[in-house]
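Novice: the amino acid sequence is not available; the structure is as follows:
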C-alpha cells in the first residue's frame, strides 16, 4: 500500500520559497531555524527522503503561478510579487515553464524520481514498491499538474504542454481566461470550452479544484475524459466557494470522479481562526460524507496541498510530516473501513483515474 498525494506545489516551494525538496524534513527545519522568508510559513513537512521512507509513491507535482492582482483569501496574506507571479498569458507561460524545467532537472539528477507521462512510467513506479523490491530503488512518481490554465496561451497550445509531460490540468485558481474560480464566480468562458475540447483529444485528466460552482458543474456535465478534484473538500465541512457542493460531489460520483482532500486547517472549518485545532477525526467525517453522497468509497483520495506557504503548524492535529498521513488510515480503521476501502483512499482511487488518462 502506498500513498498518492495528488497536489503538492514542489516547484513553487523550491523556486519561490527557497525550500529544497531533495532535503529531509529534519534537515530543512534545521537550516530554516531562525531565518524568516516572505513566502515561507511554519515548519517544513515534506522532502524526498521522507516521501521514500513513508511510502509516498506518487504526487501530483504542480505548475502553479499566481496572478499579480489576486486578492488574498483562505488565510493567505498579500506579499511581494514572486518569481511565479504573472500579469499576462506570456508571463504565466514563462513562469510555469521554469517550474517544468525544475521537475525535469530534479528527475534527471535523482534516480529515485520519475516523471509519470504514460502507463509504463506508472507501472514502473508501482513495481518499485512491491514486496521484495529493492528499497534503495523505490521510485517517487511525479504526475505534472497545471493549477490554473493561464500558462496555456491559447487552447490550441495545450498539445505543447502535453508533449512536455503535463497530464492533469485545472482551468482555475482565482479567475482565469478560461473559467471562474475561487472568489470569482462564473462559468467556463468560450476559451475554456475550447480548451476542454482540446484536452479531450488527448484524454487528459481535468482537475475541478478551484473552479467556480457554475464552471465546475458545466465541466462535470460536458467533459468526456477522466475527472478529479486534486485538492478540495466538501462544502459541508467548510462552507466557502473554495470547496465542492453536495450536488457537485453527487455528480462526481455519477462520473466516477475522485476528489483529494486538502489537509490545511483553514479548509476544515467555516469560521476558522488561526490556532483553532482540527482533529484528525474531522478528515474521516469528510470521507464518510463523500461516501454517503456517492454511495461508494471510489470517489475520495488525498491532495494535501502542503507547501512552504502553509507550514505544519497549520495542519490537522497529529499531522506533522508526510509520515503522519498514515494516521488517517488508522482513523478509518476505527470506523470499520475495510482494508480495500483504505487502499482506495490512500492511492487506489487516484491511480484508477490516472490509468484512464495516461497514454500507453
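Specialist: Nice, thanks for sending it over. Not measured: the values here are computed from a predicted model.

Novice: quick one, helices of the stretch 201-350 of the chain?
Specialist: 213-222, 246-254, 281-294, 326-334, 339-343, 349-357 (DSSP state H, counting those that start in this stretch).

Novice: cool, and the stretch 51-200 of the chain?
Specialist: Counting by DSSP H, counting those that start in this stretch, the helices of the stretch 51-200 of the chain are 89-109, 119-127, 158-163, 190-202.

Novice: ok, the closest residue to residue 235 other than its chain neighbours to residue 209 distance?
Specialist: Of all residues not flanking residue 235 in the chain, residue 243 sits nearest, at 4.4 Å (CB to CB, 6 or more residues apart in numbering). Any C-beta I mention is one placed from the backbone N, CA and C, and that applies to glycine too. The gap separating residue 243 from residue 209 is 9 Å, by CB to CB, to the nearest Å.

Novice: those two: who's more crowded?
Specialist: residue 209 (30 against 25; other CB atoms under 10 Å).

Novice: that one contacts residue 233, doesn't it?
Specialist: No: using CB atoms under 8 Å, residue 209 makes no contact with residue 233, being 10.1 Å away.

Novice: returning to that earlier point: now do the shared contacts for residue 243 and residue 209.
Specialist: Residues touching both residue 243 and residue 209 (CB atoms under 8 Å, 6 or more residues apart in numbering): residue 232.

Novice: please, where are all the strands along this protein?
Specialist: For the chain, strands defined by DSSP state E occupy the ranges 3-8, 56-64, 66-67, 85-86, 113-115, 140-147, 166-170, 179-181, 184-188, 205-207, 227-229, 258-261, 300-302.

Novice: any idea which of these gets closest to residue 45?
Specialist: Taking CB to CB, strand 3-8 is the member of the strands of the chain nearest to residue 45, at 10.3 Å.

Novice: what lies in contact with the closest one?
Specialist: Identification of contacts with strand 3-8 by CB under 8 Å, 6+ apart yields 46, 54-62, 143, 145, 147, 209, 228, 230-231, 260, 262, 301-307, 322, 325-326, 346-347, 350-351.

Novice: now with 7 Å, please.
Specialist: 46, 55-62, 228, 230-231, 260, 262, 301-307, 325, 346-347, 350-351 (CB atoms under 7 Å, 6 or more residues apart in numbering).

Novice: and for stretch 39-52?
Specialist: 8, 16-19, 21-25, 28-29, 32, 79, 82, 112, 138, 140, 306, 308-315, 320-323.

Novice: one step back: distance check, the residue nearest to residue 235 against residue 261.
Specialist: For residue 243 relative to residue 261 (CB to CB), the value is 10 Å.

Novice: kindly report the same for residue 40.
Specialist: For residue 40, the distance to residue 261 - CB to CB - is 24 Å.

Novice: okay, those two: which has more neighbours?
Specialist: Remark: of residue 40 and residue 261, residue 261 carries more neighbours, 26 against 21, as counted by other CB under 10 Å.

Novice: show me what contacts the more buried one?
Specialist: Listed by CB under 7 Å, 6+ apart, the contact set of residue 261 reads 233, 283, 286, 300, 302, 303.

Novice: count the neighbours of the nearest residue to the last one once chain neighbours are set aside for me.
Specialist: In space, not counting the residues next to it along the chain, residue 303 is nearest to residue 260; the distance is 2.6 Å by CB to CB, 6+ apart. Using other CB under 10 Å, residue 260 is surrounded by 27 other residues.

Novice: so what's residue 260 bridging to?
Specialist: residue 301 (DSSP bridges).

Novice: let me know whether it touches residue 301 as I believe.
Specialist: Yes: using CB atoms under 7 Å, residue 260 is in contact with residue 301, at 4.6 Å.

Novice: intersection of neighbour lists for these two?
Specialist: Common neighbours of residue 260 and residue 301 (criterion: CB under 7 Å, 6+ apart): 6, 350.
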